[in-house]
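A.B. asks: what follows is a predicted protein model with its sequence.
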Amino acid sequence: GAVVSQHPSRVICKSGTSVKIECRSLDFQATTMFWYRQFPKKSLMLMATSNEGSKATYEQGVEKDKFLINHASLTLSTLTVTSAHPEDSSFYICSAGSSYEQYFGPGTRLTVT
Amino acid sequence: DAKTTQPPSMDCAEGRAANLPCNHSTISGNEYVYWYRQIHSQGPQYIIHGLKNNETNEMASLIITEDRKSSTLILPHATLRDTAVYYCIVRYSSGGSYIPTFGRGTSLIVHP
């Protein structure tokens, strides 16, 4: 199947700093990508839909100014966690695909100290 | 979008078949049933999907009841590496895009 990569796989940052996570579709073009967050022992929660060339669509309760999403090309979407706090520590996962299939990245483990 | 109900956990002996049930009683006629699994600290992995007919691939079989209100994922010969959380999802689409929305899933433990 198609491959979606994420970078970095793990990141530790200090409280108050910003962290950028990249999501790439390696062998296909994706006009839409999705960002999820997963807390320990919990299921994946959809955060936002990233649209190439336009603004992202955020799920209810997700702060757009805190989780900045940029989808500048058909193969790359970035999620920037701004002014990170310890409660933002989580596993962030992106996905990309088509109307019938979604492929998930390996995830990024963010720890905010 | 139709919601799904799965048992929170199951266990299975290595080499035996693992049968994971899912209820989706409010599924509509044009909604597909998808199954994914997530091994600890990894992204979800697609397993199989179906609409009405039973489906089989190299990973698993999917049995959908005639009324489509429930389905069963079958791992015919479970291995230790099949230990994971298995998610049953009914396809939710928005503007043509398919957006997987995850419930709690079933934590499957395969033991020796």
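C.D. replies: Arrived safely. Numbering: from 1, shown residues only, chains lettered A, B, ... in the order given.

A.B. asks: which residues in chain B form strands?
C.D. replies: Using DSSP state E, the strands found in chain B span residues B:9-13, B:18-23, B:33-38, B:45-50, B:55-56, B:61-64, B:70-75, B:84-90, B:93-94, B:97-98, B:106-111.

A.B. asks: for the record, mean pLDDT for the longest one?
C.D. replies: Model confidence over strand B:84-90, given as mean pLDDT, is 95.

A.B. asks: what's that strand packed up against?
C.D. replies: Applying 3 or more Cβ pairs under 8 Å, 6 or more residues apart in numbering or on different chains; DSSP states H and E, one finds that strand B:84-90 makes contact with strand B:18-23, strand B:33-38, strand B:70-75, strand B:106-111. All C-beta atoms are positioned from the backbone trio N, CA, C, and that covers glycine.

A.B. asks: could you give the angle of that strand to strand B:18-23?
C.D. replies: Relative orientation of strand B:84-90 with respect to strand B:18-23: 30 degrees, computed using axes from the mean of the first three to the mean of the last three Cα atoms, to 10 degrees.

A.B. asks: quick check: closest non-adjacent residue to the one residue in chain B that gets nearest to chain A.
C.D. replies: Chain A sits closest to B:Gly43 of chain B, with a gap of 3.7 Å, by Cβ to the nearest Cβ. Leaving out its chain neighbours, the residue that sits closest to B:Gly43 by Cβ to Cβ, 6 or more residues apart in numbering or on different chains is A:Phe104, at 3.7 Å.

A.B. asks: tell me which residue of chain A lies closest to chain B.
C.D. replies: Here the residue of chain A nearest chain B is A:Phe104; by Cβ to the nearest Cβ that distance is 3.7 Å.

A.B. asks: test my guess that that residue contacts A:Ser95.
C.D. replies: Yes. At 4.6 Å, A:Phe104 and A:Ser95 qualify as touching, with contact defined as Cβ atoms under 8 Å.

A.B. asks: please enumerate the shared neighbours of the two.
C.D. replies: Residues touching both A:Phe104 and A:Ser95 (Cβ atoms under 8 Å, 6 or more residues apart in numbering or on different chains): A:Val4, B:Gly43, B:Pro44.

A.B. asks: now, among the residues you listed, which is nearest to B:Glu14?
C.D. replies: Nearest to B:Glu14, judged by Cβ to Cβ, of the shared contacts of A:Phe104 and A:Ser95 is B:Pro44 at 23.0 Å.

A.B. asks: show the contacting residues for the closest one.
C.D. replies: With contact taken as Cβ under 8 Å, 6+ apart, B:Pro44 is in contact with A:Leu44, A:Ile93, A:Ser95, A:Phe104, B:Tyr36, B:Arg37, B:Gln38, B:Tyr87, B:Pro100, B:Phe102.
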